[in-house]
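>>> what's the 3D shape of this:
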Amino acid sequence: MTLEKGKQFTNNGYLETNLEKLARYLIGNKDKDLFVIVCGAPGTAKSSLTMLSENYLRGRLEWLEDEPNEDDGLPIDWENMAFNHEKWSTITKTGKKKFKKHDEGRSSFNRRNAMTSNNKEAIDDENQHRFRNDIKFVNFQHLYDAEPQIVKSRAHVVIRCVKQGWFWFYNQQKINKFKYDDENKKINFPEPVFKGSFPDPEKQLPNTWKKYKRLEDEEMNGSDEDEKTQELSISQIVELVKKRRDYYKKEYGDKQIINQPLVETDFDIGGRKARKVKAKVEADLGIGQ
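Below is the predicted model of the structure:
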């Protein structure tokens, strides 16, 4: 495995070959985008895999413009990397034949019933701007929480990072076999097309990784301030949770309660606010007693 631009970086080279073939077919022959979802728990190196894929494709696809190398050699288009919905909405609508990356896909593509208008805007943008000949990588922690329309109708590939440095690859035929388990809030995955491993840029490319973390901190902290005025009120969240009560309920001993961590994740709120939502919903529904 190597981190040289345009060279194989996985243990078997299957991922690189498939991504390049799909990009040439969809962008070169069909005048469309290539849309890739990368999913996995925190710490499974989703962002690393995305940057390594960009490094490979930038050395193979003649229409991707050269980007200046970092000190340790990884050419990343930082202007087209998003950590929040506002940045993703902007880069989705601008430029053509770019490698666009969304490191926090849940901010734009969470399940429609649980989130704000961000979801509808993001889906509308995808439908309207899907012929810009871009390569798009969108990352999620939990694929079940992603809008199913994006997974089933837009994704050409799902790459599932099962642990740090190891992934499973699913094409559209396999994606259509994903089984949603609504009771347990998960997806039952079929056998992947293939499996593979990849190196860790955090260790081998420290300068690139430091720049990624610095950009993440800047955008995430900035978006926190911008979103303060756009937050849903507790009463609004309560009503949304009540509408999807079966989704947010869980068994606790011999009673049903509202799943507080799920509320925190879906609405991106702190524990104190989520506890108030939980208490109000449980009181209104007569559960948790």
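>>> ok, for Gly59, nearest residue in space, not its chain neighbours?
Gly6 (2.1 Å; C-beta to C-beta, 6 or more residues apart in numbering). (Glycine included, C-beta is placed from N, CA and C.)
>>> whoops, Gly271 was the one
Ranked by C-beta to C-beta, 6+ apart and with sequence neighbours excluded, the top spatial neighbour of Gly271 is Glu264, at 6.3 Å.
>>> Burial check on that neighbour, number of neighbours?
The local packing of Glu264 (other C-beta atoms under 10 Å) involves 18 other residues.
>>> what about the helices in the stretch 101-250 of the chain?
Counting by DSSP state H, counting those that start in this stretch, the stretch 101-250 of the chain has helices at residues 106-109, 118-128, 148-149, 172-175, 201-204, 206-227, 234-243, 245-248.
>>> Tell me the buried residues in the fourth one?
By neighbour count on 16 or more other C-beta atoms under 10 Å, the buried set for helix 172-175 is Lys174, Ile175.
>>> So which of the helices of the stretch 101-250 of the chain is the most surrounded?
helix 106-109 (a mean of 26; mean count of other C-beta atoms under 10 Å).
>>> Mind giving me the packing neighbours of that helix?
Applying 3 or more C-beta pairs under 8 Å, 6 or more residues apart in numbering; DSSP states H and E, we find helix 106-109 packed against helix 85-93, helix 118-128, strand 135-140.
>>> I figured Arg132 hits Asp33, correct?
Yes. The criterion here is C-beta atoms under 8 Å, and Arg132 meets it with Asp33 at 6.4 Å.
>>> More neighbours: which of the two?
Between Arg132 and Asp33, Asp33 has the larger neighbour count (other C-beta under 10 Å), namely 25 against 19.
>>> Which pLDDT value does the model give the more buried one?
Per-residue confidence (pLDDT) for Asp33: 94.
>>> all strands for the chain, in order.
For the chain, applying DSSP state E gives strands covering 34-39, 81-82, 99-102, 135-140, 157-163, 166-171, 179-181, 186-188, 194-197, 249-252, 255-258.
>>> Of all those, which one comes closest to Ile287?
Closest to Ile287 of those is strand 255-258 (C-beta to C-beta; 4.7 Å).
>>> Check which residues of the closest one are buried.
Across strand 255-258, burial judged by 16+ other C-beta under 10 Å covers Gln256, Ile257, Ile258.
>>> State the mean pLDDT of that strand.
Here the average pLDDT along strand 255-258 is 90.
>>> Are there helices or strands packed against that strand, and which ones?
Counting by 3+ C-beta pairs under 8 Å, 6+ apart, the elements that strand 255-258 packs against turn out to be strand 249-252, helix 271-285.
>>> Now render the ones you listed as a markdown table, adding mean neighbour count.
Shown next, in a markdown table, are the helices and strands packed on strand 255-258 (neighbours: other C-beta atoms under 10 Å):
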| stretch | mean neighbour count |
| --- | --- |
| strand 249-252 | 14 |
| helix 271-285 | 17 |
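>>> Leu61 is nearest to which of those?
Per C-beta to C-beta, nearest to Leu61 of the helices and strands packed on strand 255-258: helix 271-285, 44.1 Å.
>>> gap between the closest one and the chain center?
Using C-alpha atoms, centre = their mean, to the nearest Å, the mean C-alpha position of helix 271-285 is found 28 Å from that of the whole chain.
>>> Sketch out the low-pLDDT regions of the chain for me.
Applying pLDDT under 70 to the chain flags the ranges 1-2, 70-73, 112-117, 220-231, 289.
>>> Quick check: the residue positioned nearest the centre of the chain vs Met51, distance?
In the chain, the centroid-proximal residue (C-alpha atoms, centre = their mean) is Asn139; its distance is 2.1 Å. As judged by C-beta to C-beta, to the nearest Å, Asn139 and Met51 stand 11 Å apart.
>>> Overlap in contacts, those two.
Each of Lys101 lies in contact with both Asn139 and Met51 under the rule C-beta atoms under 8 Å, 6 or more residues apart in numbering.
>>> if we can go back for a sec, can you redo the helices and strands packed on strand 255-258 as CSV, where the extra columns are distance to Glu126?
Shown next, in CSV, are those (distance: least, C-beta to C-beta, whole Å):
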stretch, distance to Glu126
strand 249-252, 31
helix 271-285, 30
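>>> Select, out of the ones you listed, the one closest to Trp78.
Nearest of these (C-beta to C-beta): helix 271-285, 32.9 Å.
>>> so what's Lys185 up against?
Listed by C-beta under 8 Å, 6+ apart, the contact set of Lys185 reads Tyr144, Tyr247, Leu262.
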